[in-house]
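Asks: got a sequence here, can you build the structure:
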Amino acid sequence: MTQGYSTPIIAFEFIDFPAAVQFFFEVKNPTAYKNSMLLGNKIDYLFMIVYSAFLFFIARGLYAIFKLKILYLAMIFCVLMWIGDAFENFQIYNIIQNYKTTNIQQNLDWLHLFTWLKWSSIASTFLIFAPFIWKLNTFGKTISIVGVLCFCLAIIAFFIGGIWHEIFALSVSITFLLLTIFVFLFKTNSAIQYNA
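Replies: So this is what the prediction gives:
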């Protein structure tokens, strides 16, 4: 993988040049590596539905509590992250299948666009959630801080790249984990006071 990366899929999502793709597949068994990447790409079509729907329903739940229209924007971001991920996977498929025989630079350009549509939509959703989840309970304050930090890391990763892509992706995973715990622990009746 390119220097600064330790996770293959993250390295591939942010790959820039055809030569870097060639280098990516310079492994002992490139066919098996390629097949593993393609399998993961297929599985991700299901995963993208799960995580985008998860955030969408959190946005709906927060809207039911706070009745503020900015949460509609979070719902829109949930749709955009799903679209971005779907087209990102399509480009990854084309790149893996054609990197040996075709000029894939245009595919890489589209990959860059759709990858950042996905990641920026996720980070922006966390940012929108932050002030609302902050008000709900003490654990919500922790999630809000991590969510805002995740958004800041997205900006750093966009401009610097490399290891910052890995750090940003890790912060997204942590925020998703915290939100999952929050959803299972949160008591709806504790939010009645916000239903004005």
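Asks: please enumerate the helices of this protein.
Replies: Along the chain, the segments classed as helices by DSSP state H run 8-13, 18-24, 30-66, 70-98, 105-134, 138-160, 163-185.
Asks: want to throw those into TSV with mean pLDDT and mean neighbour count?
Replies: C-beta coordinates here come from the backbone N, C-alpha and C atoms, glycine included. Output for the helices of the chain, formatted as TSV (pLDDT from 0 to 100; neighbours: other C-beta atoms under 10 Å):
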stretch	mean pLDDT	mean neighbour count
helix 8-13	92	18
helix 18-24	92	15
helix 30-66	94	15
helix 70-98	97	19
helix 105-134	97	20
helix 138-160	96	17
helix 163-185	95	17
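Asks: can you redo these as TSV with distance to residue 2?
Replies: Output for these, formatted as TSV (distance: least, C-beta to C-beta, whole Å):
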stretch	distance to residue 2
helix 8-13	6
helix 18-24	6
helix 30-66	15
helix 70-98	15
helix 105-134	13
helix 138-160	14
helix 163-185	10
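Asks: so what's the nearest residue to residue 52 once chain neighbours are set aside up against?
Replies: Spatial nearest neighbour of residue 52, chain neighbours left out: residue 82 (4.0 Å); criterion: C-beta to C-beta, 6 or more residues apart in numbering. Listed by C-beta atoms under 8 Å, 6 or more residues apart in numbering, the contact partners of residue 82 are 48, 49, 52.
Asks: quick test: name the residue nearest the centre of this structure.
Replies: Centroid-nearest residue in the chain, with C-alpha atoms, centre = their mean: residue 119, separated by 4.1 Å.
Asks: so who does the nearest residue to that one once chain neighbours are set aside touch?
Replies: Once flanking residues are discounted, residue 119 sits nearest to residue 154: 6.3 Å by C-beta to C-beta, 6+ apart. Shown in contact with residue 154 (C-beta under 8 Å, 6+ apart): 119, 120, 123, 168.
Asks: and the nearest residue to residue 167 once chain neighbours are set aside, how far from residue 184?
Replies: Excluding the flanking residues, the one nearest residue 167 by C-beta to C-beta, 6+ apart is residue 153, at 5.9 Å. Note on residue 153: its distance to residue 184, by C-beta to C-beta, to the nearest Å, is 26 Å.
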